[in-house]
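1. can't give you the sequence, but here's the structure:
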């Protein structure tokens, strides 16, 4: 489990499926997640199993994001293998009522810290649709640098990355 100032992150279980489907059913939430093509109940069920399997294999994965103040599950975030690569990615998403509150930055920084300090990862990446400026701005605020634009998850994405050394230097500087 990962804890940040306002959030708890815990591994998903199969019992989380209905809530995950609900959280990803809003078209504004899922438009940068492949829309209904990738965010239908069957696809979400498969993705949930992938998240659970990641925890068993790596000791981390996409997690349920819980708002400490209320105990409400407000989204998902974590580290996971980036499909079709040897990279580990940080990812995050949340329901609309929590947009614009700095939660993406808080959760991304928490997972970067976990990945570099606890799991001793050498590098972490993130991808986003080019038009999802909010997401790639979070990546930049975390110190991640743009590397390329390429295909991931069946769509064109911007690709950002940061090394452990770069992340730890940023932390010392602040």
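-> Perfect, thanks for sending it. Given the structure is predicted, the values throughout are model-derived calculations rather than measurements. Numbering: from 1, shown residues only.

2. Can you tell me the element residue 109 falls in?
-> Here residue 109, judged by DSSP states H and E, is contained in helix 103-113.

3. wait, residue 147
-> For residue 147, the element it lies in under DSSP H and E is strand 145-152.

4. counting contacts, what elements does that strand pack onto?
-> When contacts are defined as 3 or more Cβ pairs under 8 Å, 6 or more residues apart in numbering; DSSP states H and E, strand 145-152 packs onto strand 155-163. Just so you know, the C-beta spots here come from the backbone N, C-alpha and C atoms, and that holds for glycine as well.

5. so for the strand it packs on, what's the average pLDDT?
-> What strand 155-163 shows for mean pLDDT is 92.

6. hmm, back to that, show me the contact partners of the helix holding residue 109.
-> 2-7, 9, 65, 74-75, 77-79, 90, 92, 94, 124, 126, 134-135, 138-139, 141-142, 162, 167, 171 (Cβ atoms under 8 Å, 6 or more residues apart in numbering).

7. Could you list the low-pLDDT ranges of this structure?
-> Residue ranges of the chain with pLDDT under 70: 26-39, 172-174.

8. Strands of that one, residue ranges please.
-> 2-3, 7-11, 62-67, 72-81, 88-94, 123-128, 145-152, 155-163 (DSSP state E).

9. Show me which residues of stretch 71-86 are buried.
-> 73-80, 82 (16 or more other Cβ atoms under 10 Å).

10. Nearest residue to the middle of this protein?
-> Among the residues of the chain, the one closest to the centroid is residue 91, at 1.6 Å (Cα atoms, centre = their mean).

11. Quick one: residues contacting it.
-> 62, 76-80, 126.

12. Dump those residues into TSV; add distance to residue 42 as well.
-> Below are the contacts of residue 91 laid out as TSV (distance: Cβ to Cβ, whole Å):
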residue	distance to residue 42
62	18
76	18
77	23
78	22
79	25
80	20
126	26
